[in-house]
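**Student:** what's the 3D shape of this:
(chains A, B and C)
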Amino acid sequence: MSVTRQEVERIARLAELHVDDAALPVLTEQMSRILDYVSQIAAVPGTETVQPFTPGPAALRYRIDDVRPVPLALTPAQLAPAFRDGFFLVPRLGAFDATAGDGGDTE
Amino acid sequence: MTSIAETASTLAGAASLNALLTPLSEVTASLTEQAARAPAGPLAGMPVAVKDNICTLEYTTSCGSRILEGYRSPFEATAITRLKAAGALIAGKTNCDEFAMGSSTEHSAFGRTMHPTDPSRVPGGSSGGSAALVAAGAVPAALGSETGGSVRQPASFCGIVGIKPTYGRVSRYGLVAFGSSLDQIGVCGRTVSDAARVLAAISGRDPMDSTCEDRDPFQLPAPPENLQGFVIGIPKEYFPPDLDPGVRRACERVIRLLKDLGAAVRDVSLPHTAYAIPTYYIIAPAEASSNLARYDGVRYGPRFNGVPDVRALYQSTRGKGFGAEVRRRILVGTYVLSAGYYDAYYRRAQRMRALIAQDFRNVFDRGVDLLFTPSTPTPAFKAGEKTGDPVAMYLADIFTVTANLAGIPGLTLPIGRVDGLPIGGQLLAPAFLEDEMLEAAFTLERAVPGTDEV
Amino acid sequence: MSWETVIGLETHVQLRTRSKMFCGCSTAFGAPPNTNVCPVCLGLPGALPTVNGYAIQLAVRAALALRCQVHLRSIFARKNYFYPDLPKGYQISQYEEPLATDGQLAYTSPERGAVSATIVRLHVEEDAGKSVHDRVPRSTAIDLNRSGVPLAEIVTGPDFRSPQEARAYLLALKEVLEYADVSDCDLEKGSLRVDANVSVRRVGETALGTKTEVKNINSFAFVEKALTLERDRQIATLEAGGRIEQHTMLFDAKANAVRPQRTKEESKDYRYFPEPDLPPLVVPEQWIAEGHAALPELPAARRERFATQYGLPAQDAAVLVQSRVIADYFETTVTAGADAKPAANWVMGEVLADAKARAGTLRVTPERLARLIELVKDGTVSHPAAKQVFAAMADNGLGDPHAIAERLGLIQVADAGALTGWVEEVLAGHPTEVARYRKGETKLLPFFVGQVMKVSKGKADPTRVPSLVKERLGG
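**Tutor:** Model (predicted):
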């Protein structure tokens, strides 16, 4: 099951990863190879029905609702590439618009 | 107890390996500062190097990537806190494949690490820097991380001990996430004892990690006299007809020794072994594609500037900041999670994983205590040999990746050499039975001439 | 061509916890930007989520208040998308296995009367940070204090047939959630946010039309406005022969319009998968019992009881029950001895007006109000005088109503002698009007009564004055 150049471009957009036009053919070929290789699990009997497995605890443990912030050795201002008046700064949203997902906010 | 001067000297001696990312002067200065504050403890004074994808306060954490070049974490991993509480000294950060994605440490943005005895070869990966440094005698132990064998495989290539704990044994808080349901911090050590002592010190419940099991820190077992009473399974799928002859000879020697030591040895089968790599290469990239979405140049790390809008910021930061292997895996991961493909790939792979875990349970539930297998299909390969074809590189993990998928613990120890290149033998145990695995490892270590040619 | 509007609502409600959903940072509103943050809610490398148990308890309580089926085992999932105020590049939410499903909420539709909205699901998730667009030129400023605050998302079916119904449902939802004490539910402050799905179809058609999503509605008034605008836009488009595109529409309050969000090249693919950093969410059975126990009598039941127990008309019951605090206040006033109807009138009148002017503070205790109502009942003060006493009590906070009335000289005079004196004074002072009255203009009676009240400085008992005036005027 090969993947097309258009699909690779679409996936790259979803992943916000710029891919050079020049690199696209090789990348498409490599991704096809990888995806063909991993698709073989589809042929294995039992994989349609058996319950998925994840290791780890069977149920999560709850945290008490107390305010207990983790101390930061560096402040957001010190970590940030661009910071002013207490805010992280990004270039003005252009190709995005004011809301992207359900948690997003417009002013 | 090693002195700081000694450590500085041994680290300097290993400089040509490009295993240590932190400048030596910085390490020495930090060690001096740490020594002044370090408490007495079970690891008193032990210098431990740390893979660069584990957050430390003393040094930067770049994960072998440009996108985190120069990043100083404002918090440290729980494992680091515990190491320090046990008296250990953190001796710098080691080179790794970018974001732990790779099997050779050739995919680091800061150059490849050399194999400790043959610089034309790879030390394995992704924890190649940690393994090489320990093998070179620069430090007695180093932390690494495993997602698909990334501590055991390089430990095997470099001729040292490597341990991956049960999933949930050691806190992942502060381990930069790659494949969350697979990741564990592991230990490279000169000896089983060195590696096990470090593992014991970092293990145990952590309220900061919801996937860390609510268990006491792990206790070291006493090395037994022999292996009387142990039933060791030899899974046939790990001894294919085309297995490297040197690897086969070394393993057969170990199997003889196991019997000599009083263990019962039994042939077993893990029928879904062949599907482990494809399963892994769906799950790990999928989780990675999500875990690496936070690297966007907004809140930390370098930002590639001069862009007109936020989208361009993301695409240029990520396009330039991530290397080719990471970009490939993010794209594969995004694909297998995307609408229309999720069921056929990701969900299918999680089901496949259940079958692989079931294989182990079936064997362990039928009176087998441990499994013995080769750690890697071949000794260390040449640099550049496998970077042409991504899938070829994946196959280097063929014997190690099953333990990550099943969440069970694994250990590699040196069992011989072929033309001077180390070969590793692997023990696999049921979940949370590291003590049995270590008992067998201690005994084997005493009995096996690990540096002899086979 | 007759059109039917079909609306479904998605509400996000901030749960009233002290700390965030997945970390111990404070949720306190109003802190300086990026001060309630930590590795987890900043999305730093190596950080991991831990779940706030109280947030889950509140969500369970909300689900029970909405008569949902609470699933003892549910799964967190990652919703993957890129946005500057979403630090991890994904939101931890729930997808295939949410906390609760299949609930309902009764409300009163202005068009259809008593109806029920279906609550398709209620799940828990984390909030994103805030993006501020015009603070710094050519930049967007990001504050992550809100990142990680616990939210419950409540999704209805396509149940509403008009913007008015949507608004009525939202008011009922706010009421129920306030009663359950799970959230402040303040649309303007953002602790309650609503997005709507709107479509239209010809009356009689069963298939749903293409829907658009309407966002950026931040007041109850705007709910109706925005949905009306979008409905009208869709109808106009279809009547002109056009097609509805599945856009996201943003409500622009200033322009009083809905405009499409700039089109994305492809529709959103959130690539949901189970959150590998969190084991399954298992709700202890005990929390269901505790959730039920923590629920007070809910608004619908309370309205009914007010109507039957206190003999109040439905409208009055509805007003009183709207706020749990006010309903409690009313009942305490009655328990303290006041009759239900006057108590209801006072609460709906003076008490609510004063509270509104004072950001919700109730300045007069129910016991003092009950005492005041008693004074009116036994004629000690007139109703207008009582209002003055109320105002004084509100301002001073202390003081027995009788003492205040005395001090203000408002104790009503019912003494026949004094009253007669004032009546005669008024009649003597207004001979023209007296003559007109005697000629037949009986509608002048209130005028005389008013003059008596004036000359007595409000002290005359207004219930006795009319009969005395009539007597004196011989009519």
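**Student:** anything in stretch B:112-128 near chain C?
**Tutor:** No. Using Cβ under 8 Å from any Cβ of the partner chain, stretch B:112-128 stays clear of chain C, coming no nearer than 15.5 Å. From N, CA and C alone the C-beta is placed, and that goes for glycine too.
**Student:** where does the closest residue to residue B:130 other than its chain neighbours land in three-state SS?
**Tutor:** Distances taken as Cβ to Cβ, 6 or more residues apart in numbering or on different chains put residue B:142 closest to residue B:130, at 3.6 Å, once the chain neighbours are dropped. Using DSSP: H, G, I helix; E, B strand; the rest coil, the structure places residue B:142 in strand.
**Student:** end-to-end on stretch C:130-138?
**Tutor:** Using Cα to Cα, to the nearest Å, the end-to-end distance of stretch C:130-138 comes out at 17 Å.
**Student:** does any part of that stretch sit near chain B?
**Tutor:** No. Stretch C:130-138 does not reach chain B (Cβ under 8 Å from any Cβ); its nearest approach is 9.4 Å.
**Student:** so for that stretch, what gets flagged as buried?
**Tutor:** C:130-132, C:135-136 (16 or more other Cβ atoms under 10 Å in any protein chain shown).
**Student:** can you give me the helices in the chain?
**Tutor:** In the absence of a named chain, this looks at chain A. A:5-14, A:24-38, A:76-79 (DSSP state H).
**Student:** meant chain B actually
**Tutor:** So, for chain B - with DSSP H - the helices run B:4-13, B:24-37, B:78-85, B:128-135, B:152-158, B:192-202, B:245-260, B:276-291, B:310-321, B:324-337, B:348-364, B:390-394, B:401-406, B:434-447.
**Student:** could I get the CA-only coordinates of the shortest one as CSV?
**Tutor:** I take that to be helix B:390-394. Taking C-alpha atoms only, helix B:390-394 is exported to CSV below (Å, rounded to 0.1, in the frame of the first residue of the first chain):
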residue,chain,number,x,y,z
PRO,B,390,15.3,3.0,7.3
VAL,B,391,13.8,-0.5,7.6
ALA,B,392,17.3,-2.1,7.6
MET,B,393,18.2,-0.1,10.7
TYR,B,394,14.9,-1.1,12.4
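**Student:** so what touches that helix?
**Tutor:** A:30, A:33-34, A:37, B:102-104, B:277, B:280-281, B:325, B:328, B:386-387 (Cβ atoms under 8 Å, 6 or more residues apart in numbering or on different chains).
**Student:** out of the buried residues of stretch C:130-138, who's nearest residue A:58?
**Tutor:** The nearest member of the buried residues of stretch C:130-138 to residue A:58, counting by Cβ to Cβ, is residue C:130 at 36.7 Å.
**Student:** partners of that closest one in the sheet?
**Tutor:** residue C:143 (DSSP bridges).
**Student:** who's in contact with it?
**Tutor:** A:105, C:85, C:142-143, C:145-146.
**Student:** what about residue C:307, which helix or strand?
**Tutor:** Assigned by DSSP states H and E, residue C:307 belongs to helix C:299-310.
**Student:** so where is the chain shaky, pLDDT-wise?
**Tutor:** Here I'm looking at chain A. A:1, A:94-107 (pLDDT under 70).
**Student:** think we crossed wires, I meant chain B
**Tutor:** In chain B, residues with pLDDT under 70: B:1.
**Student:** in it, what residue is nearest chain C?
**Tutor:** Closest to chain C within chain B is residue B:293: 2.5 Å, counting by Cβ to the nearest Cβ.
**Student:** which parts of chain A are strands?
**Tutor:** In chain A, the strands defined using DSSP state E lie at A:62-63, A:83-84, A:87-91.
**Student:** coming back round to it: out of the helices of chain A, nearest to chain C?
**Tutor:** Among the helices of chain A, helix A:76-79 comes nearest to chain C, with 4.5 Å by Cβ to the nearest Cβ.
**Student:** burial check on the residue of chain B closest to chain C, number of neighbours?
**Tutor:** Other residues lying near residue B:293 total 25 when counted by other Cβ atoms under 10 Å in any protein chain shown.
**Student:** the contacts of helix B:390-394 into a markdown table, with extra columns for distance to chain C and neighbour count?
**Tutor:** Formatted as a markdown table, the contacts of helix B:390-394 follow (distance: Cβ to the nearest Cβ, whole Å; neighbours: other Cβ atoms under 10 Å in any protein chain shown):
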| residue | distance to chain C | neighbour count |
| --- | --- | --- |
| A:30 | 21 | 19 |
| A:33 | 22 | 15 |
| A:34 | 18 | 25 |
| A:37 | 21 | 16 |
| B:102 | 18 | 31 |
| B:103 | 22 | 29 |
| B:104 | 23 | 30 |
| B:277 | 20 | 23 |
| B:280 | 14 | 28 |
| B:281 | 16 | 26 |
| B:325 | 18 | 20 |
| B:328 | 17 | 18 |
| B:386 | 28 | 20 |
| B:387 | 26 | 17 |
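**Student:** what's the closest non-adjacent residue to whichever residue of the stretch 51-200 of chain C sits closest to chain B?
**Tutor:** Nearest to chain B in the stretch 51-200 of chain C, going by Cβ to the nearest Cβ, is residue C:89, at a distance of 2.5 Å. Distances taken as Cβ to Cβ, 6+ apart place residue B:293 nearest to residue C:89, at 2.5 Å, with adjacent residues excluded.
**Student:** my guess is the one you found contacts residue C:91, does it?
**Tutor:** No. Assessed by Cβ atoms under 8 Å, residue B:293 is found out of contact with residue C:91, at 10.8 Å.
**Student:** quick revisit: will you turn the helices of chain B into CSV that also has distance to residue C:421?
**Tutor:** What follows is the helices of chain B, written out as CSV (distance: least, Cβ to Cβ, whole Å):
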stretch, distance to residue C:421
helix B:4-13, 107
helix B:24-37, 95
helix B:78-85, 90
helix B:128-135, 106
helix B:152-158, 109
helix B:192-202, 97
helix B:245-260, 121
helix B:276-291, 89
helix B:310-321, 83
helix B:324-337, 92
helix B:348-364, 95
helix B:390-394, 109
helix B:401-406, 102
helix B:434-447, 103
